[in-house]
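> Here's my sequence, what's the structure:
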Amino acid sequence: MDNNDKTDILTAINTFAASVDERFNNVDKRFDAADKRFDKIEGDIKEIRGDIQEIRGDVQNIRGTMVTKDYLDEKMADQRGDLVVLMRKEDNKVKRLIDVLIQRGVITTEDKKSIVEMEPFPELRG
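Numbering: from 1, shown residues only. Next up is the predicted model:
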């Protein structure tokens with residue numbers, strides 16, 4: 001083997017090594033790009049986890065201050081009862097007024113009958 005052959009072989013090996021180095025460099029660049037994408041994804045996941053924790057806190061707060069259907073039903077029934085009591089008092093005032101108007105001759109007993117038969121608390125007399 002002469003010097004030319006050795007030089008050709010060394011040149012070929014160097015060319016091959018340079019090619020392999022270039023490929024490894026390209027692979028390294030691709031891994032670096034993939035690492036950057038993973039880092040971004042990890043950051044996004046951390047941000048999403050923070051948002052989820054905040055939402056959980058908001059939900060707990062809503063649950064703590066939210067009223068139940070049973071509570072609302074009970075309060076509405078109480079309110080309805082209070083309104084009925086007030087309307088009964090007003091109804092008694094109207095009946096008393098009717099009696100005064102009859103005594104003074106302003107209305108007739110027929111007028112009284114038609115008035116007390118009206119809603120919300122009609123008197124039905126036979």
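> distance of residue 13 from residue 1?
Separation of residue 13 from residue 1 (CB to CB, to the nearest Å): 14 Å. All C-beta spots, glycine's among them, are computed from the backbone N, C-alpha and C.
> Which one of the two is surrounded by more residues?
Shown here are residue 13 and residue 1; by other CB atoms under 10 Å, residue 13 has more neighbours (10 against 6).
> host element of that one?
helix 3-65 (DSSP states H and E).
> Which is the succeeding secondary structure element to that helix?
Counting by DSSP H and E, what follows helix 3-65 is helix 69-103.
> just how off-centre is that next one within its chain?
38 Å (CA atoms, centre = their mean, to the nearest Å).
> Poorly predicted segments of this structure, please.
125-126 (pLDDT under 70).
> could you redo the last one with a cut-off of 80?
1, 121-126 (pLDDT under 80).
> can I see the domain layout of it?
1-66, 68-126 (automatic domain parsing).
> roughly how far is the last one from the heart of the chain?
On the basis of CA atoms, centre = their mean, domain 68-126 sits 43 Å off its chain's mean C-alpha point.
> Stretch 34-47 too?
29 Å.
> Residue 118 in helix, strand or coil?
Following DSSP: H, G, I helix; E, B strand; the rest coil, residue 118 is assigned to coil.
> same deal with residue 122?
Residue 122 is classified as coil under three-state DSSP.
> and it, backbone torsions?
The phi/psi pair for residue 122 (degrees, to the nearest 10) reads phi -70, psi 140.
> do you know how far it is from residue 47?
Counting by CB to CB, the gap from residue 122 to residue 47 is 67 Å.
> Repeat that for residue 32.
Counting by CB to CB - residue 32 and residue 47 are separated by 23 Å.
> same question, residue 102
Counting by CB to CB - residue 102 and residue 47 are separated by 80 Å.
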